[in-house]
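Q: Sequence plus the predicted model coming up.
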Amino acid sequence: MKNADRRIIKDSPPLRILLFLLLLFPGVAIAADPPSAAIHHQLDIRLNPEKGLLVGLDRISGDTPLGDLDLRLNTAAAGVTVTSGDRPLPFRRRGEHLLIAAGNSMNMTVHWRILLDDRKQADPEHDEDPSYGVRLEMTARGGFLDADTAWYPYREEQSSTFSIRVRLPAGYWAVTAGEITDWTAGDEENRICFRVDYPLPGLTLAVGPWRLREDRSGPIPLYTFFGRDNAALSTTYLSAARSFLALYESLFGPYPFHKFAMVENFIPTGYGFPSWTLLGSRVISLPFIVRTSLGHEIAHSWWGNGVRVDARHGNWSEGLTTYVADYLYKERQGKEAAKDYRRKILREYATLVPEQAMPLNRFRSRFDKASQAIGYGKAAMVFHLIRRRIGDRAFWSALRRLAEEKMYRRADWQDLLDTFSAVSGIPLEDEIRPWLERDDIPDLQLNDLQRAATDGGWRIKGVLQQRTGPYPLRLPVVIRTRSGREERTLRVTAKRTEFSFNCGGQPLAFSIDPDNQVMRRLAREEIPVTINNLRAAPQLRVIEHPGLQAGQKQAVRRLLDGLRKTTARITVGTSLEDNNSSETVLYVASFKTIPEDWRPPGLSSSATGKLIFNGREISAATSLFSVWPKADGGLKALFLPTDSPEAAAVARKIPHYGRYSYLLFNGSQNYLKGTREAGHSPLSFTWPDHNLLPGGRTTAAKGHD
C-alpha cells in the first residue's frame with residue numbers, strides 16, 4: 001500500500017531562486033521559515049463536481065496590516081477580484097503569483113472560480129507516482145484538490161488557521177482538515193463546515209458521492225465518507241480506528257486533532273492528512289488495509305502531520321511511521337513475524353537500490369520503488385537501530401517528548417537525535433549520523449573463522465571485513481554450542497576487525513546477525529529471485545509466443561509499464577537466439593503453447609496431460625507468473641496471461657507483488673503466491689563433525705566471498 005507523501009511538506013527553494021524572486025517582486029518577503037504574522041482564511045466554497053466547477057470566496061485577515069502580499073493561486077483561476085470592505089485592492093498576476101497591495105488593511109476578500117477538465121486516466125496503470133498524476137481534478141466520480149495546486153489563495157511557507165464552508169449538490173460531500181462544526185444534508189444541497197484552530201501550511205480537499213457515517217462514542221469524533229459499494233464497511237473501519245487511536249495515544253500522548261475521517265478516493269491512494277485519510281475505493285475492502293494501512297495513516301497524525309518535517313534535511317516521517325506502524329504490528333504478532341519484516345526490508349533494498357544511492361538526509365518523498373526502499377525501509381531500520389541502542393523505555397519516552405515539544409512545528413533528523421540522546425543519556429550523533437549522510441550501507445564479509453579448545457572451554461576467532469568504508473556497528477552474534485545458545489555483541493569501528501569470543505561448550509555454529517537486526521547489504525546468495533528483480537534488471541528482453549492474441553499482447557505492455565520497463569526489447573518467437581547470459585528474459589505464452597525450455601521450476605504435466613504448478617492444477621482460466629534464475633546467470637520469467645479481459649487487470653497487479661517469486665490468478669484474483677528459498681548467509685558457519693583436528697583445534701574455510 002502506498003503511503004501518503006505529505007502534500008504539506010515542501011522543499012525550500014534554492015538560494016538563486018529566492019534572489020531571483022526578490023529582484024522580480026520588490027518588497028515581497030520570501031523565507032525558509034514561516035512568517036510570524038498570523039493569517040486566518042475564512043473560505044466559502046461552492047462545488048459542482050459534474051461540471052468541474054469551483055467558485056470560491058476567501059476572507060483573509062491578519063492581526064497586523066497585511067501590507068504587500070504574494071499569494072499563490074492556480075493559473076486556471078478566473079474572475080479574480082480583491083476587495084477590502086467596499087474598496088477594490090490593486091493586484092497583479094504573474095503565473096501563480098497573485099501580488100496584492102493591501103497596505104494598512106487587516107482584512108480582504110478574494111473571489112475566484114476554477115473550471116476543471118477531466119484529463120486523467122480512469123484506470124491508472126502503475127503507482128510510481130503516489131498521486132497517479134491526479135492533483136487537481138473534479139468530476140462526477142469525485143474530486144481531489146491538492147494543497148500544492150493553489151486551488152485557493154495562500155501565502156507560501158505561511159501556516160494559517162481556517163474556517164471552511166463547502167456547499168455541494170445533494171449526494172456529494174467534501175472533506176478537509178479540521179473539526180467538523182456542522183453538516184447538513186438537503187434535498188438539493190449538502191453543506192459541511194470545518195474549523196482549523198491550529199497552524200496549518202495548506203489545505204487539501206477531497207470530494208465524492210459518499211455516505212457520511214459519524215461515531216461520537218469516544219473523545220475523538222470519527223467519520224467515514226464511503227461510497228455506496230463500501231458503505232457497509234463503515235462499522236469495521238470506525239472500530240479499527242478507535243483501537244489504533246487508543247494504541248498511539250498510549251505511546252505518543254494525546255491525539256493532536258479534533259476528528260479523524262476515513263474517506264474513499266476514486267484512485268487507489270493511501271494518503272494521510274491532518275485529521276483524515278484518503279483510501280482508494282478498490283482497496284478499502286481488502287482485509288490488510290483496515291488491519292495495517294489504516295493504522296499507518298493514523299500514526300502519521302503524530303509523525304508528518306502533527307510533528308511536521310523540515311524537508312530541507314530529509315523526510316524522517318515515512319521511516320518512523322513505517323517503524324511504529326507496519327513493523328510494530330508484525331512485532332506484536334511475534335518474533336518470527338518481526339524478523340520476516342526486517343528481512344523483507346533488507347531484501348528489497350538489496351534488490352532495488354544500487355550500491356551508491358540517495359542518502360537519507362536527501363530523501364523527500366518516494367518517486368519509485370528504490371526511493372521507497374530508502375526513505376521507508378532503510379529509515380525504519382535506523383529507528384530500529386536507535387531503539388536497540390537506547391532500549392524500549394527510552395525510545396518510546398523520547399517519541400512522547402518529541403510529540404509534546406514539536407507538535408504543529410517542524411522537526412528534522414537532528415531534532416530527533418537530540419531528543420533520543422537527551423532522554424536516554426546516550427550520545428547518538430557519531431553512531432547515527434553516517435546512516436543519514438552516506439550513500440551506501442554496510443557490506444560485511446566473514447573471514448578466517450576458527451574454533452579451538454582452551455583449558456576452560458572453547459574460543460572462536462575470526463575477521464570481519466567491511467567492504468565499504470567503515471560504519472560503527474554493534475552486531476548481534478549467536479553461537480550454538482553443545483550446551484545451548486550463547487549470544488554476544490561484536491563492536492566494529494574499522495574496515496578490518498579481528499574478534500575473539502570464549503564459550504563454555506564446543507561451538508557447532510556461528511552467526512553474525514542471523515535475525516537481520518542491522519541494516520546491511522545482503523550477499524547475492526541471501527536474496528531470493530523475485531518479481532522485484534525484473535524491475536531492477538539493467539536489461540530486459542521479452543519474447544512473445546506467436547500464438548498470443550491482441551488482448552494478451554496488450555497485457556504485456558501494461559505489465560512492462562507497471563515494472564517501468566517500457567523500453568524492453570520485444571521479439572516474437574519460440575526460442576532464444578543470440579543468448580546473453582547476463583540478460584533477463586521474460587517469456588510470454590498462452591496456456592496451450594508453452595515451449596518446454598520456457599517452463600519454470602514447479603510446472604509439470606500430469607499423466608493425463610494437465611498442467612500442474614506447485615501442486616495446483618491450472619487451466620485456460622489461470623494466469624501464471626514466475627521468475628527464476630538462469631543456469632548461466634541472469635534471470636528467466638514466464639507470464640501466462642489468459643485470453644480474457646481479466647488479463648489486463650492481472651498485469652496491473654503483478655508489480656505490486658514484488659517480493660514474491662511466483663503468482664497464480666483465477667480470473668483477476670490472486671490465489672497462490674510464494675517466494676523461492678534463498679541461499680545460505682556467508683555470515684553464518686556450521687562446523688562439520690569431521691572437522692575436528694588434533695589437539696581440539698578446528699578451522700573454517702577462509703574467504704567467505
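A: Ah, there it is. Residues are numbered from 1 along each chain as shown.

Q: ok, the residue lying closest to residue 680 once chain neighbours are set aside - contacts?
A: Among residues not flanking residue 680 along the chain, residue 525 sits closest, at 6.4 Å (Cβ to Cβ, 6 or more residues apart in numbering). Placement of C-beta: from N, CA and C, glycine included. Contact analysis of residue 525 by Cβ atoms under 8 Å, 6 or more residues apart in numbering lists 678, 679, 680, 681, 682.

Q: Mind pulling up the pLDDT for the last one?
A: At residue 682, the model reports a pLDDT of 96.

Q: Wait, it touches residue 446, no?
A: Yes: the pair residue 682 and residue 446 qualifies as a contact (Cβ atoms under 8 Å) at a distance of 6.2 Å.

Q: one step back: ok, the residue nearest to residue 680 to residue 378 distance?
A: If you measure residue 525 against residue 378 using Cβ to Cβ, to the nearest Å, the figure is 21 Å.

Q: now residue 237
A: 31 Å.

Q: again with residue 51
A: 46 Å.

Q: Those two: which is more packed in?
A: For residue 51 versus residue 378, the count of surrounding residues by other Cβ atoms under 10 Å is larger for residue 378: 24 against 13.

Q: so residue 91 makes contact with residue 102?
A: No: using Cβ under 8 Å, residue 91 is not in contact with residue 102, being 9.1 Å away.

Q: Now do the biggest strand by length in the chain: which elements does it pack against?
A: Using DSSP state E, we find that the single longest strand of the chain is strand 189-200. Counting contacts by 3 or more Cβ pairs under 8 Å, 6 or more residues apart in numbering; DSSP states H and E, strand 189-200 packs against strand 160-169, strand 173-175, strand 179-185.

Q: go with 6 Å
A: If contacts are counted by 3 or more Cβ pairs under 6 Å, 6 or more residues apart in numbering; DSSP states H and E, strand 189-200 sits against strand 160-169, strand 179-185.

Q: where does the stretch 201-350 of the chain dip in pLDDT?
A: Scanning the stretch 201-350 of the chain for pLDDT under 70 picks out nothing.

Q: how about the helices in it?
A: Secondary structure of the stretch 201-350 of the chain (DSSP state H, counting those that start in this stretch): helices located at 234-252, 287-288, 294-299, 317-322, 328-333, 335-352.

Q: measure the nearest residue to residue 220 once chain neighbours are set aside to residue 93 for me?
A: In this structure, residue 220 finds its nearest non-sequential neighbour in residue 255, 5.5 Å apart by Cβ to Cβ, 6+ apart. Residue 255 is 40 Å from residue 93, where distance means Cβ to Cβ.

Q: who has more neighbours, those two?
A: The neighbour comparison of residue 255 against residue 93 (other Cβ under 10 Å) goes to residue 255, with 20 against 12.

Q: Would you mind measuring from that one to residue 248?
A: With distances taken as Cβ to Cβ, residue 255 is found 7 Å from residue 248.

Q: Could you do residue 242 as well?
A: 11 Å.

Q: what about the two, which has more around it?
A: More neighbours surround residue 248 than the other of residue 242 and residue 248, with 22 against 15 (other Cβ under 10 Å).

Q: Identify the residue spatially nearest to the more buried one, adjacent ones excluded.
A: In space, and not counting its chain neighbours, residue 248 is closest to residue 299: 6.0 Å by Cβ to Cβ, 6+ apart.

Q: Test my guess that residue 508 contacts residue 478.
A: No: counting by Cβ atoms under 6 Å, residue 508 does not reach residue 478; the two are 11.2 Å apart.

Q: Tell me which other helices or strands the strand or helix carrying residue 461 touches.
A: Using DSSP states H and E, residue 461 falls within strand 458-466. Counting contacts by 3+ Cβ pairs under 6 Å, 6+ apart, strand 458-466 packs against strand 444-453, strand 496-503, strand 507-512.

Q: Which of the helices and strands packed on strand 189-200 sits closest to residue 288?
A: Of all these, it is strand 179-185 that lies closest to residue 288, at 28.3 Å by Cβ to Cβ.

Q: Other residues contacting that closest one?
A: Contact partners of strand 179-185, identified using Cβ atoms under 6 Å, 6 or more residues apart in numbering, comprise 191, 192, 193, 195, 258, 259.

Q: That strand vs strand 189-200, what angle?
A: Interaxial angle of strand 179-185 relative to strand 189-200 (axes from the mean of the first three to the mean of the last three Cα atoms, to 10 degrees): 170 degrees.

Q: Using CSV, write out the CA atom coordinates for strand 179-185.
A: The C-alpha trace of strand 179-185 is given here as CSV (Å, rounded to 0.1, in the frame of the first residue of the first chain):
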residue,chain,number,x,y,z
GLU,A,179,-13.1,19.9,13.2
ILE,A,180,-16.4,19.3,11.5
THR,A,181,-18.5,22.0,13.2
ASP,A,182,-21.7,21.4,11.2
TRP,A,183,-23.1,19.3,8.4
THR,A,184,-26.5,19.3,6.7
ALA,A,185,-27.9,17.0,4.0
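
Q: Between strand 160-169 and it, find me the angle.
A: Put simply, strand 179-185 runs at 10 degrees to strand 160-169, going by the same axes, to 10 degrees.

Q: Run through who's touching stretch 529-543.
A: Stretch 529-543 has contacts (Cβ under 6 Å, 6+ apart) with 351-352, 563, 565, 568-571, 573, 583-587, 627-629, 635, 657-661, 676.

Q: Show the buried residues in these.
A: Among the contacts of stretch 529-543, the ones that count as buried by 16 or more other Cβ atoms under 10 Å are 351-352, 563, 565, 568, 583-587, 627-628, 635, 657-658, 660-661, 676.

Q: Can you pull out the low-pLDDT segments for the protein?
A: Checking the chain against pLDDT under 70 turns up 1-37, 118-134, 576-579, 689-705.

Q: Domain map for it?
A: For the chain, automatic domain parsing gives the domain ranges 15-117+130-307, 309-437, 444-526+683-699, 531-674.

Q: just how off-centre is stretch 373-381 within its chain?
A: With Cα atoms, centre = their mean, to the nearest Å as the basis, stretch 373-381 stands 9 Å off its chain's centre.

Q: And the helices in the stretch 1-150 of the chain?
A: Taking DSSP H, counting those that start in this stretch to define them, one finds helices in the stretch 1-150 of the chain at 15-24.

Q: just the strands in it please.
A: With DSSP state E, counting those that start in this stretch as the criterion, the stretch 1-150 of the chain has strands at 39-48, 53-62, 68-72, 78-84, 87-88, 91-94, 97-101, 107-115, 136-139, 142-145.

Q: Determine which stretch of these is the most buried.
A: Stretch with highest mean neighbour count among these: strand 142-145 (a mean of 24; mean count of other Cβ atoms under 10 Å).
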